[in-house]
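> here is a sequence together with a model predicted from it:
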Amino acid sequence: MPFNTSQTGWRARIERRLTGAREFVDDTDPEALAVVTASMGALLTAFIGFLLASPWTAVPFGAFLLVTGYGWARHQALVARAISLAMTTVTLLTLGLIVVFIFAESIPAFRYETASVFGVSVPGAGMFTQARWDAVSDPVRYSLLPMIHGTVMVTTIATLVAAPLGVAAALFIAEIAPPRVRELVKPGIEILAGIPSIVYGFIGFTVINPWASGAFDLNGGSTYLFVGMVVGLMALPTVVSVAEDALTSVPDVMKDGSLALGATDWQSMTSITLPAAFSGVSAAVLLGVGRAIGETMAATVMLAGVPRISDPLVNVFYGYETLTSLIARGYGSANGVHESALFAAGVVLFVTVLCLSIGSQYIEARMRRRLGGAE
């Protein structure tokens, strides 16, 4: 019975969609429909030609530009809607194809590293059950554990830097700073996001690594500690921006009520503003963590580039390799299963950052419902 009800509901929705489409066609100028159809058909043909690397791709794309230009002059509103829909669809298709390509290219490496888990052969299990990465010497193995360990170390340190500093800076901008100071401080922090990551890495390599080598008697000065600190500074703008938006979205009536009951400004911030915006602040930290996980150039320049797990595991005064630096170092010379293993590292990064992004969006949506009064 529930299945029949659900099936009936789907049929009703489809019928409503079809009815709406027929009404739209009946109410629209035939010339406008013809222009939009020709424009979208030319764009689709050009997109397929691009995917197939056809030398004739420019022909349908040129036709798309000509027809769209004519339609824009005669039927601007309808053509604008069609172009917006087409660009959104192309963007989603492109992202989907990228994801499919990454996963497809990683399949040979997962097959190569098939291992037995409780008597069952699991593709890719060998990447996570042993710690050897060597693409040259026998036995050739492609374990991602050393790089996952390095990524976790750098990300943890970066989070310990970016989270408290970012939340404190966001609280200062949103609740404490006078308007004139806010107008100076916020753009100054956001400028950090515009500095290329290679610049951070170059400063770390030429300034921090030599200093660490002498101060801590390290061979080369490559340490997870200072790489994490540099990456944490790079993640600061993300944390500050999102956390500040969350703090400013707290209704003033909540803070005014706290002050009216005799609470100080500090008590209102710590007891009302921060708890009310906790979901958004948590989302800011998660986005900062995602930024730290995906950082490539700073880690590539500052780390030693050796796929090894530090001993002991929590030793932050040596730095070897992360997933992103592994891909950056090896992709130019890799081929065959080695290249596929780099794509497998990309799959691990993609899934990790995707989970963090979904988590942050869920937390932000929960905050909006909470502050908006929705259940």
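Okay, I see it.

> any regions of the protein where pLDDT drops low?
By pLDDT under 70, the low-scoring segments of the chain are 1-9, 24, 219-221, 367, 370-375.

> what is the helix or strand hosting residue 236 packed up against?
Element membership for residue 236, per DSSP states H and E: helix 224-248. In this structure, helix 224-248 packs against helix 145-171, helix 179-191, helix 197-203, helix 209-215, helix 278-293, helix 297-302, with contacts taken as 3 or more C-beta pairs under 8 Å, 6 or more residues apart in numbering; DSSP states H and E. From N, CA and C alone the C-beta is placed, and that goes for glycine too.

> can you point out the buried residues in that helix?
Within helix 224-248, the residues that count as buried by 16 or more other C-beta atoms under 10 Å are 224-247.

> just give me how far that helix sits from the chain centre.
Taking C-alpha atoms, centre = their mean, to the nearest Å, one finds helix 224-248 lying 14 Å from the centre of the chain it belongs to.

> quick one: it to helix 278-293, angle?
150 degrees (axes from the mean of the first three to the mean of the last three C-alpha atoms, to 10 degrees).

> taking helix 145-171 as reference, get the angle to helix 224-248.
Following the same axes, to 10 degrees, one obtains 40 degrees for the angle between helix 224-248 and helix 145-171.

> that older thread, would you mind saying which of the helices and strands packed on helix 224-248 lies nearest residue 363?
Residue 363 lies closest, by C-beta to C-beta, to one member of these: helix 278-293, at 4.3 Å.

> how much space between residue 267 and residue 294?
38 Å (C-beta to C-beta, to the nearest Å).

> swap in residue 218?
26 Å.

> which of these two has more neighbours?
More crowded of residue 218 and residue 294, by other C-beta atoms under 10 Å: residue 294, with 18 against 15.

> what's near enough to touch the more buried one?
Contact analysis of residue 294 by C-beta atoms under 8 Å, 6 or more residues apart in numbering lists 324, 349, 353.

> which of these sits closest to residue 287?
Among these, and counting by C-beta to C-beta, the member closest to residue 287 is residue 353, at 9.8 Å.

> follow-up on the earlier one: most surrounded residue in the contacts of residue 294?
When neighbours are counted by other C-beta under 10 Å, residue 324 leads the contacts of residue 294 with 24 neighbours.

> that one reaches residue 148, doesn't it?
No - using C-beta atoms under 8 Å, residue 324 and residue 148 do not qualify as a contacting pair, with a distance of 11.5 Å.

> next, count neighbours for residue 35.
Using other C-beta under 10 Å, residue 35 has 21 neighbouring residues.

> now residue 203: closest residue in space, sequence neighbours ignored.
Nearest residue to residue 203, sequence neighbours excluded (C-beta to C-beta, 6 or more residues apart in numbering): residue 230, at 7.8 Å.

> tell me who's in contact with the closest residue to residue 228 other than its chain neighbours.
Closest residue in space to residue 228, ignoring its immediate chain neighbours: residue 157 at 2.5 Å, by C-beta to C-beta, 6+ apart. Taking C-beta under 8 Å, 6+ apart, we find residue 157 in contact with 224, 225, 227, 228, 229, 231, 232, 316.

> tell me which residues touch residue 268, please.
Residue 268 neighbours (C-beta under 8 Å, 6+ apart): 255, 258, 259.

> can you select the buried ones from the residues you listed in PyMOL?
Restricted to buried positions by 16+ other C-beta under 10 Å, the PyMOL selection for these reads:
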select buried, resi 255+258
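
> include distance to residue 179 when you put the contacts of residue 268 into TSV, please.
What follows is these, written out as TSV (distance: C-beta to C-beta, whole Å):
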residue	distance to residue 179
255	17
258	22
259	19
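
> now, which of the contacts of residue 268 sits nearest residue 70?
Closest approach between the contacts of residue 268 and residue 70, by C-beta to C-beta: residue 255, at 55.7 Å.

> so the closest one touches residue 274, yeah?
No - at 11.2 Å, residue 255 does not count as touching residue 274 under the criterion of C-beta under 8 Å.

> now for the two: what residues contact both?
If you check residue 255 and residue 274 against C-beta under 8 Å, 6+ apart, no residue is contacted by both.

> could you report the distance from residue 49 to residue 13?
Note on residue 49: its distance to residue 13, by C-beta to C-beta, is 35 Å.

> for residue 144, what are phi and psi?
Main-chain torsions, residue 144, degrees, to the nearest 10: phi -100, psi 0.

> contacting residues for it?
Contact analysis of residue 144 by C-beta under 8 Å, 6+ apart lists 127, 128, 133, 323, 341, 344, 345, 348.

> so which of these sit within strands?
With DSSP state E as the criterion, strands contain residue 133 from among the contacts of residue 144.

> just the buried subset of the contacts of residue 144, please.
Among the contacts of residue 144, those classed as buried by 16+ other C-beta under 10 Å are 127, 128, 133, 323, 341, 344, 345, 348.

> is it true that the fourth one touches residue 349?
So the one you mean is residue 323. Yes - the criterion here is C-beta under 8 Å, and residue 323 meets it with residue 349 at 5.3 Å.

> measure how buried residue 87 is and give me the count.
Neighbours of residue 87 (other C-beta under 10 Å): 11.

> assign a three-state SS to it, would you?
helix (DSSP: H, G, I helix; E, B strand; the rest coil).
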